[in-house]
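Enquirer: only geometry, no sequence info:
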């Protein structure tokens, strides 16, 4: 009998598939009370993703087979236990630096400013490859169309950071990256990812949300004006650098994943819960 590394269910089966410890399960349902039944069967309820479409509301209920040990030890032994956040971020062309700048040395006026380095020499701060995925997914109507899609830098198959290749390592999204266990996410060979530009019909949730929010514009901040008194955030006085937080405009729908078909929705859930080379059960 096959033991699966995850499962996507569209209904509650009479018998759950054989699952590895730490495996994640997604149940797509119109009734969030279905979470009670899977909890009764021993699964750990972790989160709810609201799926808002022209025909109404559905839920992506996220469960996990309870761990026997820590998440790290489970990932290293079976690949299960974690979810792939980095590959499932909401793509954006906006800078997400977050002001994470600092400099090494006791005297910040005589040393060059470096990106914030975590304790233990873990390396420089890396730009996220998109916004943290929200618990809301917008489903476009059948009549919605994509106009002039844009390309931005996205996750790479070895680092998951802005299309930049690098050494093999375990990164914050939960998966182990090495030559045997690569994962491209949604990027092409150049590390680029497409951001759709939608033209929506009436009845589309994305259009309705943007109508309610209006056009929103994020702020713009010259990083060189930020003073880092604690030597962790910002930059010291007098340091000149052209990098800035660039403003980003649009409706509120740009902060959420948007799909048009269930095939696209399922592909995103597969990417979220299936470890590299893992076997997924779908029913």
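Expert: Happy to help now that I have it. Not measured: the values here are computed from a predicted model.

Enquirer: tell me if I'm right that residue 214 and residue 251 touch.
Expert: Yes - at 7.2 Å, residue 214 and residue 251 qualify as touching, with contact defined as Cβ atoms under 8 Å. Where C-beta positions appear, they are placed from N, C-alpha and C, glycine not excepted.

Enquirer: name the nearest residue to residue 52, sequence neighbours excluded.
Expert: For residue 52, ignoring the flanking residues on the chain, the nearest one in space by Cβ to Cβ, 6 or more residues apart in numbering is residue 205 at 4.6 Å.

Enquirer: ok, that neighbour - contacts?
Expert: Each residue near residue 205 by Cβ atoms under 8 Å, 6 or more residues apart in numbering is listed here: 52, 53, 54, 138, 139, 140.

Enquirer: looking at the residues you listed, spot the one nearest residue 33.
Expert: Closest approach to residue 33 among the contacts of residue 205 (Cβ to Cβ): residue 52, at 18.5 Å.

Enquirer: so that closest one bridges to which residues?
Expert: Note on residue 52: beta-bridge partners by DSSP bridges are residue 57, residue 138.

Enquirer: distance of it from residue 266?
Expert: From residue 52 over to residue 266 the distance is 17 Å, taken as Cβ to Cβ, to the nearest Å.

Enquirer: kindly report the same for residue 253.
Expert: Applying Cβ to Cβ, the value for residue 253 to residue 266 is 21 Å.

Enquirer: more neighbours: which of these two?
Expert: Taking other Cβ atoms under 10 Å, residue 253 and residue 266 do not tie; residue 253 has more neighbours (23 against 17).

Enquirer: that one and residue 211 touch, don't they?
Expert: No - the criterion here is Cβ under 8 Å, and residue 253 misses it with residue 211 at 9.8 Å.

Enquirer: if I've got this straight, residue 20 is in a strand?
Expert: Yes - counting by DSSP: H, G, I helix; E, B strand; the rest coil, one finds residue 20 located in a strand.

Enquirer: and it, how close does it get to residue 213?
Expert: Taking Cβ to Cβ, one finds residue 20 at 42 Å from residue 213.

Enquirer: for residue 31, same thing?
Expert: Distance of residue 31 to residue 213, given as Cβ to Cβ: 29 Å.

Enquirer: so for whichever helix or strand residue 35 is part of, mean pLDDT?
Expert: Per DSSP states H and E: residue 35 is located in helix 34-40. Average pLDDT, helix 34-40: 96.

Enquirer: please apply the same query to stretch 197-204.
Expert: Rounded mean pLDDT across stretch 197-204 is 92.

Enquirer: buried residues in that stretch?
Expert: Within stretch 197-204, the residues scored as buried using 16 or more other Cβ atoms under 10 Å are 198, 200, 204.

Enquirer: span of it from start to end?
Expert: Stretch 197-204 has its terminal residues 14 Å apart, counting by Cα to Cα, to the nearest Å.

Enquirer: pull the residues that contact that stretch.
Expert: 54, 140-141, 143-150, 206-207, 258.

Enquirer: what about these, which are in helices?
Expert: Mapping the contacts of stretch 197-204 onto helices (DSSP state H) picks out 206, 207.
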